[in-house]
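Engineer: Sharing a sequence plus its predicted fold:
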There are 2 protein chains.
Amino acid sequence: MNINIKKAQKKKSKPDHTILGFGKYFTDHMFTMEYTEQAGWINPQTIPFDDMAMSPSTTVFHYAQSVFEGLKAYINNQNEVVLFRPYQNARRFQKSCLRMAMPTIPEDDFVKAISTLVKIDKDWIPTQEGTSLYIRPFMIAKDEILGVHPSKTYQFIIILSPVGHYYPKGIKPISISINPIYSRSFFGGTGDVKCAANYSISLLAQKEAKEKGFDQVLWLGGKEHNIITEVGAMNMMFVINNEIITPKLDGTILAGVTRDSVITLLREWGYTVIERDMTVDELIHHLMNKSVQEAFGTGTAATISPVGMIEYKGTHYLISENIGVLSKRIYDTLNMIKLKTGSVHPDWVHLVK
Amino acid sequence: MNINIKKAQKKKSKPDHTILGFGKYFTDHMFTMEYTEQAGWINPQTIPFDDMAMSPSTTVFHYAQSVFEGLKAYINNQNEVVLFRPYQNARRFQKSCLRMAMPTIPEDDFVKAISTLVKIDKDWIPTQEGTSLYIRPFMIAKDEILGVHPSKTYQFIIILSPVGHYYPKGIKPISISINPIYSRSFFGGTGDVKCAANYSISLLAQKEAKEKGFDQVLWLGGKEHNIITEVGAMNMMFVINNEIITPKLDGTILAGVTRDSVITLLREWGYTVIERDMTVDELIHHLMNKSVQEAFGTGTAATISPVGMIEYKGTHYLISENIGVLSKRIYDTLNMIKLKTGSVHPDWVHLVK
Ligand SMILES: Cc1ncc(COP(=O)(O)O)c(C=O)c1O
Ligand SMILES: Cc1ncc(COP(=O)(O)O)c(C=O)c1O
């Protein structure tokens, strides 16, 4: 893949790192390439970040044929630009594309497109501790036709957003509400891929949880709607009797890159990690017994989100007001690895050169 | 709602009715209005059909926050422009919006926007028997931010497409394949609303069915994935022992306007219509016994689609090579009502004046 580079004539001014938040500001450039059935992927290029002209009849508006990924670039104190396990995202992107009847992109091209773009906008990577450059590759269906069938044309785009520290005031455990009614996925569905559809489906429950004062929704799944699955954009782990229990990859939850990394680290540290179904009744039982030592979510946005309180059918179960010892150890280790500042898992770090 | 009218400077040439197909050509104008939290719905207007400038960071691309409707305008031999039960679509649109955490539009405004636009592009309504003007109202999330939460800004758009006869060569029963693996919806999900997400989720199964030579997928649902639900864009009805059995509205299937109209007509004609769960085993049992007298789908696109053959796990069950007597009666009656050429259910017809 030969990427054509078109540089922006004038550069935007960069926002102060204290106001970054998440996904609000975008860099000077974007990557784009197009797909047609006849030609395959064509016109790979980086161009100035700009609006796109789109017909109101475009498939993506009507039928949500769209998939995406999310990962981060960091700059370390040797001034190196590093990505965390980007080939994991490349492979998950391929899986998402196949499930949504979309064309795939070779892993190397996916990572090359990211690296090329990140290099061009390198001066957008914030340097303050905890900040990073969020990378959003996505693919949308571009046919201008209303028939319900897979599009024949697509566009693959990457945009970059400098993001602030997830915990600007120090790590604070979040509260999550177990939703007894809504589902975000189901067997035979698309819960195990990163398609746009999954997120729209989850918005109402998320909004209702927020209105009741909770940070996130913990989704139930399984035939009887009683199995603990995952949180909005995080996989869940529970430390019970010094073992770590996490929902198994049953086809309804996303295989998080952070989840995989955390499981690997924990096992290397000698912990027992059990990937299995856990019913909400079992979790509540453990919460009532106070045998849940730690609970945390894993995901690219926050790396580790300690869960301080879980609500279910009106009852609040307190876990802890502080981050747990193990959660903290994982958090610190992963952040160290991501900045390539230690000797642990250098294989997980991809240098942008 | 006061709609500002901006007319196109030059008009496109109209395609011949024989090549129309579905949703390929669009008229000269579109309706659009915008929503902000502060102002509510603003700038209702009809403007020339044109591309829209959209940031690659727009919510709809990433999280599929989008809903739509589909209905048709016809022109009858008194040169009247008629819509079929548009308030049903207006109400279903509201339901879809609420489920996707989006703002609603008053029913009267919804119908007025459609009527205004259809009147402006009246000369686009094809007049040949079986043709019509397909109306596609849709709403998309417009925030330019990557956080996963309901957008604060939206755009409501209506586009129009002249569509050809669904059965240009006469009604031919379709073949449907019961998919034993994939799901399109589940309890607690969004199967009962018309959100973009539902359709992207269905594309792969639809593609695989086409590749095996079947026209459509018949989706299974229920906790055990063994309940007959619906077809891509149609509700299903089975005539068994002179009774009509149709899946009940259990929250996982769309409440079709055609479905409701057909049930109403059938009951008025003295038939027993039973809305209930039917397992795939029961259906196969009836198919083997040859006790399925007729099977048909109901939906705006084709009104009635007779099903000639059903495939399940490799076995083909033939129902009939021709449209059934009852299916034909419903088809003819509904088409008569839609053209306002009879005295049956004038209440279902909305005159565009
Ligand atoms: C639904 C869902 N689950 C889990 C995750 C965590 O995955 P990762 O660790 O790869 O960020 C994400 C975020 O990407 C997600 O969207
Ligand atoms: C999933 C689904 N089911 C059923 C229908 C039929 O509904 P209606 O009769 O309102 O067109 C449609 C089409 O709108 C649909 O998309």
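Structural biologist: Noted; the coordinates are in hand. Ligands and ions are numbered 1, 2, ... in the order given.
Engineer: For the rest of this, base every contact and every neighbour count on C-alpha atoms.
Structural biologist: Will do.
Engineer: any idea what sits nearest A:N4, other than its immediate chain neighbours?
Structural biologist: A:Q45 (4.4 Å; Cα to Cα, 6 or more residues apart in numbering or on different chains).
Engineer: hmm, I was thinking of A:P162
Structural biologist: A:L133 (4.3 Å).
Engineer: So what are the sheet partners of the helix or strand harbouring that neighbour and their directions?
Structural biologist: Using DSSP states H and E, A:L133 falls within strand A:132-141. Strand A:132-141 pairs in its sheet with strand A:66-68 (antiparallel), strand A:71-75 (antiparallel), strand A:153-163 (antiparallel), by DSSP bridges.
Engineer: gap between that strand and the chain center?
Structural biologist: Relative to the centre of its chain, strand A:132-141 is centred 10 Å away, using Cα atoms, centre = their mean, to the nearest Å.
Engineer: what comes up buried for it?
Structural biologist: Of all the residues in strand A:132-141, those buried under the rule 16 or more other Cα atoms under 10 Å in any protein chain shown are A:132-141.
Engineer: again with stretch A:272-290
Structural biologist: Quick answer for stretch A:272-290 (16+ other Cα under 10 Å): A:273, A:277-280, A:283-284, A:287.
Engineer: Equivalent analysis for stretch A:251-268, please.
Structural biologist: Buried, per 16+ other Cα under 10 Å, within stretch A:251-268: A:251-259, A:261-263, A:265-266.
Engineer: Of all the strands paired with strand A:132-141, which one is nearest B:D347?
Structural biologist: strand A:66-68 (40.2 Å; Cα to Cα).
Engineer: who touches that closest one?
Structural biologist: With Cα atoms under 8 Å, 6 or more residues apart in numbering or on different chains as the test, strand A:66-68 has contacts from A:60, A:93, A:96-97, A:100, A:136-141, A:194-197, B:61-62, B:64, B:200.
Engineer: what about that strand, near ligand 1?
Structural biologist: No - between strand A:66-68 and ligand 1, judged by Cα under 6 Å from any ligand atom, nothing touches; the nearest distance is 9.3 Å.
Engineer: Quick one: distance of that strand to the chain centre.
Structural biologist: The answer for strand A:66-68 is 12 Å, by Cα atoms, centre = their mean.
Engineer: pLDDT (mean, whole number) over it?
Structural biologist: Over the span of strand A:66-68, the pLDDT mean works out to 98.
Engineer: Ok, stretch A:89-100 next?
Structural biologist: Confidence for stretch A:89-100, expressed as mean pLDDT, is 98.
Engineer: Ok, stretch A:331-345 next?
Structural biologist: Confidence over stretch A:331-345, taken as the mean pLDDT, stands at 90.
Engineer: picking that back up, just the buried residues of strand A:132-141 now: which is nearest A:I323?
Structural biologist: Using Cα to Cα, those come closest to A:I323 at A:S132, 22.0 Å.
Engineer: do you know how far that closest one is from A:T303?
Structural biologist: To A:T303, A:S132 is 12 Å away according to Cα to Cα, to the nearest Å.
Engineer: Who's the closest spatial neighbour of whichever residue of the stretch 251-353 of chain A sits closest to chain B, skipping the chain neighbours?
Structural biologist: Relative to chain B, the nearest point of the stretch 251-353 of chain A is A:A301 (10.2 Å; Cα to the nearest Cα). Among residues not flanking A:A301 along the chain, A:Y166 sits closest, at 7.3 Å (Cα to Cα, 6+ apart).
Engineer: a strand runs through that neighbour, doesn't it?
Structural biologist: No - A:Y166: not assigned to a strand; according to DSSP: H, G, I helix; E, B strand; the rest coil it is coil.
Engineer: per-residue confidence at it?
Structural biologist: pLDDT, read off for A:Y166, is 82.
Engineer: What about it, how many residues nearby?
Structural biologist: A:Y166 has 17 neighbouring residues, counting by other Cα atoms under 10 Å in any protein chain shown.
Engineer: thought it was touching A:G299?
Structural biologist: No - between A:Y166 and A:G299 there is no contact under Cα atoms under 8 Å: 11.6 Å.
Engineer: quick one on the thing from earlier: please name the bridge partners of the residue nearest to A:N4.
Structural biologist: A:N4, A:T32.
Engineer: Wait, it touches A:H29, no?
Structural biologist: No - between A:Q45 and A:H29 there is no contact, the gap being 10.0 Å when judged by Cα under 8 Å.
Engineer: could you say which helix or strand contains the residue lying closest to A:M100 once chain neighbours are set aside?
Structural biologist: Spatially, and ignoring its direct neighbours in sequence, A:M100 is nearest to B:L204 (6.0 Å; Cα to Cα, 6+ apart). Assigning secondary structure by DSSP H and E places B:L204 in helix B:196-211.
Engineer: show me the contacts for the residue of the stretch 51-200 of chain A found nearest ligand 1.
Structural biologist: For the stretch 51-200 of chain A, the residue closest to ligand 1 is A:G70, as judged by Cα to the nearest ligand atom, at 6.0 Å. Under the criterion of Cα under 8 Å, 6+ apart, the neighbours of A:G70 are A:89, A:134-137, A:300.
Engineer: quick one, phi/psi of it?
Structural biologist: Phi and psi for A:G70, reported as degrees, to the nearest 10, are phi -150, psi 120.
Engineer: quick one: it and ligand 2, what's the gap?
Structural biologist: For A:G70, the distance to ligand 2 (Cα to the nearest ligand atom, to the nearest Å) stands at 30 Å.
Engineer: Which single residue of chain A ends up nearest ligand 2?
Structural biologist: Proximity of chain A to ligand 2 (Cα to the nearest ligand atom) peaks at A:V148, 9.2 Å away.
Engineer: just checking, next helix/strand downstream of whichever strand or helix holds A:E282?
Structural biologist: A:E282 belongs to helix A:280-288 when assigned by DSSP H and E. Going down the chain from helix A:280-288, the next helix or strand is strand A:292-299, by DSSP H and E.
Engineer: Need the residues that contact that next one.
Structural biologist: Here strand A:292-299 makes contact (Cα under 8 Å, 6+ apart) with A:231, A:233-242, A:256-259, A:262, A:286, A:304-308, A:319-320, A:324, A:326-327.
Engineer: Of those, which belong to strands?
Structural biologist: Counting by DSSP state E, the contacts of strand A:292-299 place A:231, A:234-240, A:304-308 in strands.
Engineer: Out of the residues you listed, which is nearest to B:I171?
Structural biologist: Distances from B:I171 to those, taken by Cα to Cα, are shortest for A:V231, at 48.4 Å.
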